[in-house]
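Student: need a structure here:
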Amino acid sequence: MKSKIVILLLLLPALLFAERGIASWYTSDVEEALTANGELFNEEALTAAHKSLTFGTIVRVNNLSNNLYVDVKINDRGPFVEGRIIDLTPRAAKEIDLLEKGITEVELEIIEIPKKVDSKYDRPGDTGWYKIQIGSFADPTNLYNLYHKFLDLGFKPIVEITENSLLRLTLRWISEDEIKESLKVLELLGFTNILLRSEQPPIVDTTL
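Tutor: The predicted structure follows:
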């Protein structure tokens, strides 16, 4: 009897969980981009980003407009757009005919809860640190102007050079406590087409 109660308690979150909202799909223009649990982002994988579900959770995404569904594994965090509840990879979006439309109303059901947190980082959950890619530029003048604009706003932008010699403007090592406020500021400034990635914590020199 006791074992049956334990099994029921383990299954209860899945039985009770049902979430309705807007689904979208996302991709990355960065080679070897990492998801929030440390895996390489793979457009062809049936995975997704959710704000709070445990990494490794298998979720059924039901497209309410056409009754198509796809089962995906949660391995990333997001979407960071108000009103949206899940971001799918292009492959997963294709399964429910979402690629062309871009967004649609869905219902989420938990199919399987992981026995342990599915993360490649040493501690469970997110790394707690994020990088925001604001944009890539071929013209240094455009980058220079935007760089100083962000300096004036109190940010500490960083310039990266890609393999294709493009200049990339990023905001790095933004803590979990700061990320929502930073995204709100960027949205008010008109920067809505940004790329958010989890990254390893900043290195702290403990010898000082």
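
Student: in this structure, which spans are strands?
Tutor: Using DSSP state E, the strands of the chain run over residues 18-25, 47-49, 58-63, 69-76, 84-88, 103-112, 129-137, 157-161, 167-175, 195-198.

Student: out of these, which is closest to residue 32?
Tutor: Closest approach to residue 32 among those (C-beta to C-beta): strand 195-198, 10.7 Å. Just so you know, the C-beta spots here come from the backbone N, C-alpha and C atoms, and that holds for glycine as well.

Student: for that closest one, buried residues please.
Tutor: By neighbour count on 16 or more other C-beta atoms under 10 Å, the buried set for strand 195-198 is 195-198.

Student: now, which of these sits nearest residue 132?
Tutor: residue 196 (5.7 Å).

Student: so residue 73 makes contact with residue 56?
Tutor: Yes - at 6.4 Å, residue 73 and residue 56 qualify as touching, with contact defined as C-beta atoms under 8 Å.

Student: for those two, indicate the residue with more neighbours.
Tutor: Neighbours per residue (other C-beta atoms under 10 Å) separate residue 73 from residue 56, with residue 73 holding more: 21 against 17.

Student: quick one, what contacts the more buried one?
Tutor: Going by C-beta atoms under 8 Å, 6 or more residues apart in numbering, residue 73 touches 45-48, 56-59, 118.

Student: next one: residue 190
Tutor: No contacts exist for residue 190 under C-beta under 8 Å, 6+ apart.

Student: and it, how far from residue 134?
Tutor: Per C-beta to C-beta, to the nearest Å, residue 190 is found 11 Å from residue 134.

Student: now do residue 36
Tutor: Remark: distance between residue 36 and residue 134 (C-beta to C-beta) = 19 Å.

Student: repeat for residue 90
Tutor: Distance of residue 90 to residue 134, given as C-beta to C-beta: 23 Å.

Student: these two: who's more crowded?
Tutor: In this view residue 90 and residue 134 are compared by other C-beta under 10 Å, and residue 134 has more residues nearby, 21 against 16.

Student: close enough to count as contact, the more buried one and residue 186?
Tutor: Yes - counting by C-beta under 8 Å, residue 134 does reach residue 186; the two are 7.5 Å apart.

Student: the nearest residue to residue 169 once chain neighbours are set aside and residue 166: what is the separation?
Tutor: With sequence-adjacent residues excluded and distances taken as C-beta to C-beta, 6 or more residues apart in numbering, residue 169 is closest to residue 134, at 4.6 Å. Distance of residue 134 to residue 166, computed by C-beta to C-beta: 13 Å.
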